[in-house]
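Chemist: sharing a sequence plus its predicted fold:
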Amino acid sequence: MSQKLSIEDLAVGTVMETTFWANPVEESGFRFRATHLDGKRAPKVVLCDDPRVRAGVPALVKIIQIKRPERDDRGAIVVELVRHQEFKLEGVYVEPTIAKKLQVLLESGQNILLDGPQGCGKTVLTRTIAKNLGYEFVFFNCGAVVEAADFLATLHLRADERGSPITDFVRTDILKCLEEAHEHGNRRYLVFLDEFNRCPEPARNALMPALDSTRKLFHPIRNTFIDIPDNVLFVAAVNRGQQFSGTFGIDAAQLDRFAPLQVTYPPIAEEVKLLVQRHPELSKGIIEDVVDIAHAIRTAPELRASLSVRATDEACIYLKHPLFESEQRRALPEVLKSSFCGRFAGFWDDASTDAGAVWIVVEKTVAEKEKQA
């Protein structure tokens, strides 16, 4: 959850960053409103009437008036536009063209489907979008869905005071989000449907009217339909490919309700930059070695699966620990037996398995680096 500012933190003339959306309160007199300043929830609604404002685009604004609650029924922070900011996502890498497409889709309120290999940063990317644009982030694991109703409520069996069985509906985070969105029209919610294609296709059909112009979902507790407010955005993530077992197909009708974006692992230099930020205890050189070896594995034609960014991050966690910090380079191959080879089928010392093929790539790349040194 984002931190909250207080009125005392703000002053007329202060320049801060925010993201505006269309103001749903017609009698307000202001065209745009926001809920966050510099990534923290504002104590009162932020209002602006500058026609140059573009909804969904980060902007620098200057505070020109602070209406305190004692002088105004609700209070408000009135600002003027300084300039729009370049769309940026701190702490993650997004290929520049993909970043532009993301900006367009977010501004237009489209449902987004992130399609990419495991561990390439889809969840981190979505969390960062929510944080930067002032959305409440709602995570939902579709892999736990068996029936259509599981998206909104799950059945729990319990005993009453007499020991008789009682069946209760327990609301999911998605249903809680939709109900909150109706109550708080000034907030925006990003529902992240992780592992979207790991639930059966018939169950996913229940979401189809929520993802198109119908914008409705069947409420299993009330036995009626609930509207999806405009302040709710859906982003789904999938892994598609023969190497992913336990997944189900996505038919054309379901895909057509999303704007698909294909994402992949960051380039070597960008992955090194991310890991240097996360693990300042390690030298850049040892991080470069970890990433170079990972890249060699990802591009090896004989391997059917790939290696996630979580694997390189895990290797860094091992290497910076006091148990390994005094012998990092000597320990690197042993660490990679777990962090890299362990993510593939088989054993590192069995060349006939994928894990063994990975180990051969590790040994070869380490040997090449030793020659270069």
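Modeler: Received the coordinates, thanks.
Chemist: Provide the backbone phi and psi angles at His156.
Modeler: Backbone torsions for His156, taken as degrees, to the nearest 10, come to phi -120, psi 130.
Chemist: hang on, I meant Val61
Modeler: With angles defined as degrees, to the nearest 10, Val61 sits at phi -130, psi 160.
Chemist: what sits against it?
Modeler: By CB atoms under 8 Å, 6 or more residues apart in numbering, Val61 lies in contact with 15-18, 46, 48, 79-82. Backbone N, C-alpha and C define where each C-beta goes, glycine included.
Chemist: ChimeraX command for the buried members of those?
Modeler: The buried residues among the contacts of Val61 can be selected in ChimeraX (16 or more other CB atoms under 10 Å) with this line:
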select :16,17,18,46,48,79,81
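Chemist: can you redo the contacts of Val61 as JSON lines with pLDDT, secondary structure and distance to Arg343?
Modeler: Output for the contacts of Val61, formatted as JSON lines (pLDDT from 0 to 100; DSSP: H, G, I helix; E, B strand; the rest coil; distance: CB to CB, whole Å):
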{"residue": "Val15", "pLDDT": "94", "secondary structure": "strand", "distance to Arg343": "46"}
{"residue": "Met16", "pLDDT": "93", "secondary structure": "strand", "distance to Arg343": "43"}
{"residue": "Glu17", "pLDDT": "90", "secondary structure": "strand", "distance to Arg343": "38"}
{"residue": "Thr18", "pLDDT": "91", "secondary structure": "strand", "distance to Arg343": "41"}
{"residue": "Val46", "pLDDT": "93", "secondary structure": "strand", "distance to Arg343": "45"}
{"residue": "Cys48", "pLDDT": "93", "secondary structure": "strand", "distance to Arg343": "48"}
{"residue": "Val79", "pLDDT": "94", "secondary structure": "strand", "distance to Arg343": "48"}
{"residue": "Glu80", "pLDDT": "94", "secondary structure": "strand", "distance to Arg343": "52"}
{"residue": "Leu81", "pLDDT": "93", "secondary structure": "strand", "distance to Arg343": "48"}
{"residue": "Val82", "pLDDT": "93", "secondary structure": "strand", "distance to Arg343": "47"}
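Chemist: quick one: pLDDT of Pro267?
Modeler: Here, the pLDDT recorded for Pro267 equals 93.
Chemist: give the closest residue to it in space, chain neighbours not counted.
Modeler: Nearest residue to Pro267, sequence neighbours excluded (CB to CB, 6 or more residues apart in numbering): Tyr93, at 7.7 Å.
Chemist: swap in Ala206?
Modeler: Ala148 (3.4 Å).
Chemist: now that neighbour: how far from Leu217?
Modeler: To Leu217, Ala148 is 10 Å away according to CB to CB, to the nearest Å.
Chemist: try Lys101
Modeler: From Lys101 across to Leu217, the span is 27 Å (CB to CB).
Chemist: comparing the two, which residue is more hemmed in?
Modeler: Neighbours were counted for Lys101 and for Leu217 using other CB atoms under 10 Å; Leu217 has more, 22 against 15.
Chemist: next secondary structure after the helix or strand harbouring Arg329?
Modeler: Using DSSP states H and E, Arg329 sits within helix 328-339. Counting by DSSP H and E, the next helix or strand C-terminal to helix 328-339 is helix 354-372.
Chemist: contacting residues for the residue nearest to Pro267?
Modeler: Tyr93 sits next to 121, 266-267, 270-271, 273-274 when contact means CB under 8 Å, 6+ apart.
Chemist: restricted to helices, list those residues.
Modeler: 270-271, 273-274 (DSSP state H).
Chemist: let's see if you can find the most crowded of the residues you listed.
Modeler: The most crowded member of the ones in helices among the contacts of Tyr93, judged by other CB under 10 Å, is Glu271 (23 neighbours).
Chemist: tell me if I'm right that it and Thr312 touch.
Modeler: Yes. Glu271 lies in contact with Thr312 (CB atoms under 8 Å); the separation is 6.6 Å.
Chemist: next, show the common contact partners of the two.
Modeler: Here Glu271 and Thr312 share the contacting residues 291, 294, scored by CB under 8 Å, 6+ apart.
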